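> Prediction below, plus the sequence it came from.
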Amino acid sequence: ADQLLFAQLIEVGKTDADLFPAELGEAYRQDDRRVMESGQTLDQLEEHLGADGQKVFVQVMKTPLRDASGDVVGIQGIFWDVTERMRAEESQARLATAVDQVAEAVMITDANATILYVNPAFEKITGFTRAEALGQNPRLLRSGKHDAEFYRRMLAVLTAGEVWSGHLINKRKDGTLYAEDGTISPVRDGAGQIVNYVAVKRDVTEQKKQAAQ
């Protein structure tokens, strides 16, 4: 139903006024005139309302057709529905905004544990800027308070494709220690291979101090 406006069969002799609502048809005629007068290709994204009232996104490309002498004699128009792509991009943008605003530190690495992304909360908690963290290994946060066996068990859980949850003592850029509770989750591609790890951690340093008091 969303594609109804753009799924009509175009017949010889029809005009935009016959195929589209009046306002849209007039806009397309103006686009045609602009392309023919300028001789330049038009390539634009358009947003419309579908039959069900939902937004429909259409990529429109109109190219001038020339005769043997190079004069513009017509228009070649191509329309394709990019609604699903645009909705996916909007969803990703909303998710990125949410992750940027949460209080928990979020870190994403590739399968080799190279840091690809950290959110503002990570910067605030650790003291490392995004630029300083990207391309590094999470080892830059190690405090020396956990032995090799602790990290071996963590790695075994993650490489098995399971979620690790636990408590960590890490070290900020300025050398001070802080406590955090967190989870690290593997992310798989369509073939089932682990391609990323996502760590979400909450600074519990103050809670630990208050509990001790």
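In hand now; what should we look at?
> Please count neighbours and contacts with C-alpha atoms only from this point.
Fine.
> buried set for stretch 38-56?
G39, T41, L42, G50, V56 (16 or more other Cα atoms under 10 Å).
> Sorry, wrong one. I was asking about stretch 80-97.
D81, T83.
> can you give me how far it is from the chain middle?
Taking Cα atoms, centre = their mean, to the nearest Å, the mean C-alpha location of stretch 80-97 is offset from the chain mean by 8 Å.
> Show the subsequent helix or strand relative to the lowest-mean-pLDDT helix or strand in the chain.
In the chain, no helix or strand scores lower on mean pLDDT, DSSP states H and E than helix 16-19, which sits at a mean of 64. As assigned by DSSP states H and E, the chain's next helix or strand after helix 16-19 is helix 22-38.
> Packing partners of that following helix?
On a contact count with 3 or more Cα pairs under 8 Å, 6 or more residues apart in numbering; DSSP states H and E, helix 22-38 meets helix 16-19, strand 55-66, strand 72-81.
> between that helix and strand 55-66, how many degrees?
Note on geometry: by axes from the mean of the first three to the mean of the last three Cα atoms, to 10 degrees, helix 22-38 and strand 55-66 are set 30 degrees apart in direction.
> got the CA positions of helix 22-38 in CSV?
This file holds the C-alpha atoms of helix 22-38, laid out as CSV (Å, rounded to 0.1, in the frame of the first residue of the first chain):
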residue,chain,number,x,y,z
ALA,A,22,-2.5,17.3,-8.7
GLU,A,23,0.1,18.8,-6.4
LEU,A,24,2.7,16.1,-7.0
GLY,A,25,2.0,16.0,-10.7
GLU,A,26,2.7,19.7,-11.0
ALA,A,27,5.9,19.4,-9.0
TYR,A,28,7.1,16.6,-11.4
ARG,A,29,6.2,18.8,-14.4
GLN,A,30,8.3,21.6,-12.9
ASP,A,31,11.2,19.2,-12.4
ASP,A,32,10.9,18.1,-16.1
ARG,A,33,11.0,21.7,-17.3
ARG,A,34,14.1,22.4,-15.1
VAL,A,35,15.9,19.4,-16.5
MET,A,36,15.1,20.2,-20.1
GLU,A,37,16.0,23.9,-19.7
SER,A,38,19.3,23.2,-17.9
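> Same question for that helix: list its buried residues.
Result for helix 22-38 [16+ other Cα under 10 Å]: buried residues G25, Y28, D32, V35, M36.
> what sits against the fourth one?
Contact criterion Cα atoms under 8 Å, 6 or more residues apart in numbering gives T41, L42, K62, T63, P64, I75 as the residues in contact with V35.
> Now the two most distant members of those residues.
The span of the contacts of V35, defined through Cα to Cα, is set by L42 and I75 at 10.4 Å.
> Tell me which stretches of this protein form strands.
Secondary structure of the chain by DSSP state E: the strands cover 42-49, 55-66, 72-81, 105-110, 115-118, 164-171, 177-188, 194-203.
> Can you tell me the centre-most residue of the protein?
Nearest to the geometric centre of the chain sits Q92, at 3.8 Å (Cα atoms, centre = their mean).
> residues contacting it?
Contacts of Q92 (Cα under 8 Å, 6+ apart): none.
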